[in-house]
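> give me the fold of what follows.
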Amino acid sequence: METDKTALIVALTGATGSVYGLTLARRVLEQQVPLYLLISETGREVLRQETGRDWQEWRRELNSLGQMETPDVQNLGAAVSSGSFPVRGMVAAPCSMGALGRIAAGISGNLIERAADVCLKERRRLILLTRETPLSAIHLQNMLTVTQAGGIIMPPVPAFYTNPRTVEDLVDQTVNRVMDLLSLPVPGASRWQGQGSEKP
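Numbering: from 1, shown residues only. So this is what the prediction gives:
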């Protein structure tokens, strides 16, 4: 079955876990799905700290894989700021508690927050890989608010039934779940097959 080529938005905010957004971006581009990759200034700093490579290096690598746009997050006139521009949805991976709070409040201080607001108002898929622990009552209320508005809160909680051997295995399992939510193909994904039944 041919993959839907409607563009996807992936955003990296200033929380730890930039590898989730990078892995998702790579997988989406490899399927030749157009990508709008948004990264905040703090997200760039975290990216450099966690990977040892700066944003421009990653940008060049990802650009070589497929059709990708990287609008300035301060450009509220970019295509993805309008509901008339068709996208399949948006994933913030990772999503900081600050970004979550502003999205929950409907505050569009930058293009990441505006694109998320557009996805909610247009009833498009919005998935937030929220990164923080422990959670305060404010965090939980913001998560509930976004959920009630139609978003999906998806903390990147590792699954161990797949018997992961590396950090990459753990990241892949979370990214596979995100791609399932976006109705994107996930060839070779390890899935729970159930217990207690015997095959003839």
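> now the strands for the protein?
Assigned by DSSP state E, the chain shows strands spanning 8-12, 35-39, 68-69, 89-95, 125-130, 152-153.
> in JSON lines: the ones you listed, plus mean neighbour count and mean pLDDT.
In this view, the C-beta of every residue, glycine as well, is placed from N, C-alpha and C. Output for the strands of the chain, formatted as JSON lines (neighbours: other CB atoms under 10 Å; pLDDT from 0 to 100):
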{"stretch": "strand 8-12", "mean neighbour count": "27", "mean pLDDT": "98"}
{"stretch": "strand 35-39", "mean neighbour count": "24", "mean pLDDT": "98"}
{"stretch": "strand 68-69", "mean neighbour count": "16", "mean pLDDT": "97"}
{"stretch": "strand 89-95", "mean neighbour count": "28", "mean pLDDT": "98"}
{"stretch": "strand 125-130", "mean neighbour count": "24", "mean pLDDT": "98"}
{"stretch": "strand 152-153", "mean neighbour count": "16", "mean pLDDT": "98"}
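> those: which one's closest to Leu170?
Nearest of the strands of the chain to Leu170, taken as CB to CB: strand 125-130 at 12.9 Å.
> that closest one pairs with which strands, parallel or anti?
strand 89-95 (parallel), strand 152-153 (parallel) (DSSP bridges).
> relative to the whole chain's centre, how far out is the longest one?
Using CA atoms, centre = their mean, to the nearest Å, we find the averaged C-alpha position of strand 89-95 to lie 3 Å away from the chain's own average C-alpha position.
> what's the angle between that strand and strand 8-12?
In terms of direction (axes from the mean of the first three to the mean of the last three CA atoms, to 10 degrees), strand 89-95 departs from strand 8-12 by 10 degrees.
> which residues touch strand 89-95?
Outside strand 89-95, the residues that touch it by CB atoms under 8 Å, 6 or more residues apart in numbering are 8-13, 15-18, 20-21, 24, 99, 112, 115-116, 119, 124-131, 156, 178, 182.
> in TSV: the strands paired with strand 125-130, plus distance to Val46.
Below are the strands paired with strand 125-130 laid out as TSV (distance: least, CB to CB, whole Å):
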stretch	distance to Val46
strand 89-95	8
strand 152-153	20
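> picking that back up, among the strands of the chain, which is nearest Pro187?
strand 8-12 (17.7 Å).
> do you know how far the residue positioned nearest the centre of the chain is from Thr70?
Closest to where the C-alpha atoms of the chain average out (CA atoms, centre = their mean) is Val91, at 2.9 Å. Separation of Val91 from Thr70 (CB to CB, to the nearest Å): 15 Å.
> and Val28, by the same measure?
14 Å.
> also Arg53?
Per CB to CB, Arg53 is found 15 Å from Thr70.
> what's stretch 17-26 in contact with?
Where contact means CB under 8 Å, 6+ apart, the residues beyond stretch 17-26 that reach it are 10-12, 35, 37, 39, 43, 46-47, 50-51, 58, 62, 65, 68, 91, 93-94, 129, 131, 156, 167, 171-172, 174-175, 178-179.
> related to what we said a few turns ago, who's more crowded, Val28 and Thr70?
Neighbour comparison, Val28 and Thr70: the larger count goes to Val28, with 28 against 15 (by other CB atoms under 10 Å).
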